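Asks: Show me how the following folds:
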Amino acid sequence: MLTTLFIAVGLAMDAVAVSISSGLNLKGLTISCALRIATAFGLAQAVMPIVGWSAGYGMGDAIAHFDHWVAFGLLTIVGGRMLWEARHQEKVERCMDPLHPPRLLLLAIATSVDALAVGLGLSFLRVPILHAAILIGAITFTLSFLGVFAGDRIGRYCENRAEMFGGLVLIAIGVKILVEHLL
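Replies: You can find the predicted model right below:
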C-alpha cells in the first residue's frame, strides 16, 4: 500500500504542474473550474493504469517503447501553442482556456501516459489494479485541485507572463518525460 501511495504521488506530479499552469491562465477562477480540471486529471490518472494493466495481458511491453514520445509530443504541442498565443494574440485574447474540452482532454491524456505504463508494469507483477487506480486517481484529483488555486495565486503577481510560463512548464514536462525514458 505504501509503495502504491508513492507511485500515486509520483504520477500526480505532472498533472499538478499542469494544474498550476492552468491556474495561471484562468481568469475568474471558481471552485467549479478547479473541480473540472482536477476531475479530468484524476479520472485520466485512474483510467490509464487500468488500460495499461489490461493491455499487459495482451500486448506485453510494446507500449513502453513509445509512451514517452506520445507524452512529449502532446505536451510540446500544447505548450508550444501557448507560447505562440502569448506572443501573437491581443492581450484580451491571450489567456489559454484550459477548460476548453478538447484542450483539457489532451492535457489529461498527456499527463497520464506514464500511468498507462505503470499499469502495464503492475500487470506483470500481478498487482490488483482497482485499489491502485482509485488511489492514483484520488491523489491526482486532490493535488491537481490544490494546484489550480496555487497557479491562480501565482498568476495574480505575474499576469503578463503567465501564459508563457505555462507553455514553458508543459514543454519542460514533456522533455523531462522523454529524457527519463531515453536514459
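Asks: Could you use CA atoms for every contact and neighbour count after this?
Replies: Noted.
Asks: following the helix or strand of the chain with the lowest mean pLDDT, which helix or strand shows up next?
Replies: For the chain, using mean pLDDT, DSSP states H and E, the weakest element among its helices and strands is helix 67-88, scoring a mean of 70. Once helix 67-88 ends, the next helix or strand along the chain (criterion: DSSP states H and E) is helix 101-110.
Asks: Could you give the average pLDDT over the next helix-or-strand element following that following helix?
Replies: For helix 101-110, the following helix or strand on the C-terminal side (DSSP H and E) is helix 113-124. Helix 113-124 carries an average pLDDT of 79.
Asks: so what does the helix or strand following helix 113-124 touch, helix or strand wise?
Replies: Scanning forward in sequence from helix 113-124 by DSSP H and E, the next helix or strand is helix 129-157. Other helices and strands packing on helix 129-157, by 3 or more C-alpha pairs under 8 Å, 6 or more residues apart in numbering; DSSP states H and E, are helix 2-25, helix 31-56, helix 113-124.
Asks: Show me what the first one packs onto, helices and strands only.
Replies: Using 3+ C-alpha pairs under 8 Å, 6+ apart as the contact criterion, the elements in contact with helix 2-25 are helix 31-56, helix 129-157, helix 162-182.
Asks: who wins for proximity to residue 115 among those?
Replies: Closest approach to residue 115 among the helices and strands packed on helix 2-25 (C-alpha to C-alpha): helix 31-56, 5.1 Å.
Asks: and the angle from the closest one to helix 2-25?
Replies: If you take axes from the mean of the first three to the mean of the last three C-alpha atoms, to 10 degrees, helix 31-56 sits at 140 degrees to helix 2-25.
Asks: Now helix 31-56: average pLDDT?
Replies: Confidence for helix 31-56, expressed as mean pLDDT, is 93.
Asks: got the buried residues for it?
Replies: The neighbour-count check on helix 31-56 (16 or more other C-alpha atoms under 10 Å) flags 33-56 as buried.
Asks: ditto for stretch 107-124
Replies: 107-123.
Asks: How about residue 12, nearest residue that isn't a chain neighbour?
Replies: For residue 12, ignoring the flanking residues on the chain, the nearest one in space by C-alpha to C-alpha, 6 or more residues apart in numbering is residue 140 at 4.7 Å.
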